[in-house]
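Chemist: Just to be clear, the model below is a prediction. Sequence and coordinates:
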Amino acid sequence: MKRIALGVGLLLACATVQAGGNADNGKQLVLNPDPKVEKSKGKGCATCHGEDGNKPSAADQPILAGQHYDYLVRALTDYKIGRRTNPIMKGFAGQLSKQDIEDLAAWFSSQKSSLHDQR
């Protein structure tokens, strides 16, 4: 019985740890970029991946919706620091703060994916 309680406790802890980001802030970065900034943060996300991450504008652009939070944080960070190479992503990710990256990851990971069923 103690093992079951421990297991449930660990699952609940993992569910709440998901994001250091704020999905609502991530949504705002994607949908309402700052008009005062010439290259607004998040503006390119919707252009290439769709507002909720489900509608890529080309076959070589991934669906971001429903992707794992940690994966999205790592991918955006890797583009920002040059570990991943793509000139378009480098340009957009390069202007993101750590918090922006976490917020965008929280937004896209919280969206239902058109690729698979989610539980």
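Modeler: Yep, it's here.
Chemist: Just the element for Leu76, please.
Modeler: helix 69-81 (DSSP states H and E).
Chemist: got the buried residues for that helix?
Modeler: Across helix 69-81, burial judged by 16 or more other C-beta atoms under 10 Å covers 69, 72-73, 75-80. Where you see a C-beta, it was placed from the backbone N, CA and C, and this is true even at glycine.
Chemist: Please name the spatially closest residue to the residue nearest the centre of the chain (chain neighbours excluded).
Modeler: Centroid-nearest residue in the chain: Ala105, 2.1 Å away (criterion: C-alpha atoms, centre = their mean). Among residues not flanking Ala105 along the chain, Leu72 sits closest, at 3.7 Å (C-beta to C-beta, 6 or more residues apart in numbering).
Chemist: What residues does the one you found make contact with?
Modeler: 64, 101, 104-105, 108-109 (C-beta atoms under 8 Å, 6 or more residues apart in numbering).
Chemist: Show me these that map onto helices.
Modeler: Secondary structure from DSSP state H places 101, 104-105, 108-109 of those in helices.
Chemist: Reformat those residues into a markdown table and put distance to Asn86 next to each item.
Modeler: Output for the ones in helices among the contacts of Leu72, formatted as a markdown table (distance: C-beta to C-beta, whole Å):
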| residue | distance to Asn86 |
| --- | --- |
| Ile101 | 16 |
| Leu104 | 16 |
| Ala105 | 17 |
| Phe108 | 17 |
| Ser109 | 20 |
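Chemist: Output those residues in TSV; the columns should cover distance to Glu51 and pLDDT.
Modeler: Output for the ones in helices among the contacts of Leu72, formatted as TSV (distance: C-beta to C-beta, whole Å; pLDDT from 0 to 100):
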residue	distance to Glu51	pLDDT
Ile101	18	96
Leu104	12	96
Ala105	16	97
Phe108	10	96
Ser109	15	96
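Chemist: In which helix or strand does Cys48 reside?
Modeler: Cys48 is located in helix 43-49, with elements delineated by DSSP H and E.
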